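Asks: need coordinates for the following:
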Amino acid sequence: MTKGVKIIGAVVLLMLAAAIVAVMLNFRTSDNTHIVILQNNKVIYSLDLSKEKDRSFRIESPDGGWNEVKIENGKICIADADCPDQTCVHTGVLRSEGVPIVCLPHKLVIRFSDEESS
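Replies: Numbers count the residues shown, from 1 in each chain. Sure thing, here's the model as predicted:
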């Protein structure tokens, strides 16, 4: 093997290792229980899931659409929605700080928050 091939091999291995570490850090589950729900980039709810009772509530979109949010056993998800692709529903419960629940048609985001809920 030539020196160039060895360098390229080392760079590829280093990039692969960095990608694996990035994925592991991005998808680790969060111990945080504070979440925010944003619509049109504005906080509409700030909650501490460890203090919330099991419940469901509907968030209406300004365009007439809706998302049914469900809190159960200290976890949150979008249980139902009237958007066409249902990506937000299929995302499941919020687990990772790096992967929020997003409904693009209704401009809704559910993510973990660094701040205490108010």
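Asks: just give the nearest non-adjacent residue to the residue most central in space within the chain, would you?
Replies: Geometric centre of the chain, nearest residue: Pro100, 1.3 Å, by Cα atoms, centre = their mean. Residue nearest to Pro100 in three dimensions, not counting chain neighbours: Arg111, with 3.7 Å by Cβ to Cβ, 6 or more residues apart in numbering. All C-beta atoms are positioned from the backbone trio N, CA, C, and that covers glycine.
Asks: and for Cys103?
Replies: Cys88 (3.8 Å).
Asks: I'd assumed Ile59 was in contact with Ile44.
Replies: Yes. In this structure, Ile44 is within contact of Ile59 by Cβ atoms under 8 Å, at 7.1 Å.
Asks: any residues in contact with both of these two?
Replies: Common neighbours of Ile44 and Ile59 (criterion: Cβ atoms under 8 Å, 6 or more residues apart in numbering): Ile37.
Asks: the two: who's more crowded?
Replies: Ile59 (19 against 11; other Cβ atoms under 10 Å).
Asks: which parts of stretch 58-74 are buried?
Replies: Within stretch 58-74, the residues scored as buried using 16 or more other Cβ atoms under 10 Å are 59, 61, 65-67, 69, 71.
Asks: from these, pick the one nearest Ile8.
Replies: For those, the residue nearest Ile8 by Cβ to Cβ is Asn67; the value is 47.9 Å.
Asks: who's in contact with the closest one?
Replies: By Cβ under 8 Å, 6+ apart, the contact set of Asn67 is 58-59, 61, 78, 80-81, 83, 88, 103, 106, 108.
Asks: try Trp66
Replies: 58-60, 81-82, 106.
Asks: where along this structure do the helices fall?
Replies: 3-26, 87-90 (DSSP state H).
Asks: out of the ones you listed, the one nearest Lys51 is which?
Replies: helix 87-90 (24.0 Å).
Asks: could you dump the lowest-mean-pLDDT helix or strand in the chain to PDB, C-alpha only?
Replies: For the chain, using mean pLDDT, DSSP states H and E, the weakest element among its helices and strands is helix 3-26, scoring a mean of 84. The C-alpha trace of helix 3-26 is given here as PDB (Å, rounded to 0.1, in the frame of the first residue of the first chain):
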ATOM      1  CA  LYS A   3       1.300   6.300   1.700                       C
ATOM      2  CA  GLY A   4      -1.600   8.100   0.000                       C
ATOM      3  CA  VAL A   5      -3.900   5.000   0.300                       C
ATOM      4  CA  LYS A   6      -3.000   4.700   4.000                       C
ATOM      5  CA  ILE A   7      -3.800   8.300   4.600                       C
ATOM      6  CA  ILE A   8      -7.100   8.100   2.700                       C
ATOM      7  CA  GLY A   9      -8.000   4.900   4.700                       C
ATOM      8  CA  ALA A  10      -7.200   6.600   8.000                       C
ATOM      9  CA  VAL A  11      -9.300   9.700   7.100                       C
ATOM     10  CA  VAL A  12     -12.300   7.500   6.100                       C
ATOM     11  CA  LEU A  13     -12.000   5.500   9.400                       C
ATOM     12  CA  LEU A  14     -11.800   8.700  11.400                       C
ATOM     13  CA  MET A  15     -14.900  10.200   9.600                       C
ATOM     14  CA  LEU A  16     -16.800   6.900  10.200                       C
ATOM     15  CA  ALA A  17     -16.000   7.000  13.900                       C
ATOM     16  CA  ALA A  18     -17.000  10.700  14.100                       C
ATOM     17  CA  ALA A  19     -20.300   9.900  12.400                       C
ATOM     18  CA  ILE A  20     -21.000   7.100  14.800                       C
ATOM     19  CA  VAL A  21     -20.300   9.200  17.800                       C
ATOM     20  CA  ALA A  22     -22.500  12.000  16.500                       C
ATOM     21  CA  VAL A  23     -25.400   9.700  15.900                       C
ATOM     22  CA  MET A  24     -25.100   8.200  19.400                       C
ATOM     23  CA  LEU A  25     -25.000  11.700  21.000                       C
ATOM     24  CA  ASN A  26     -28.000  12.900  18.900                       C
END
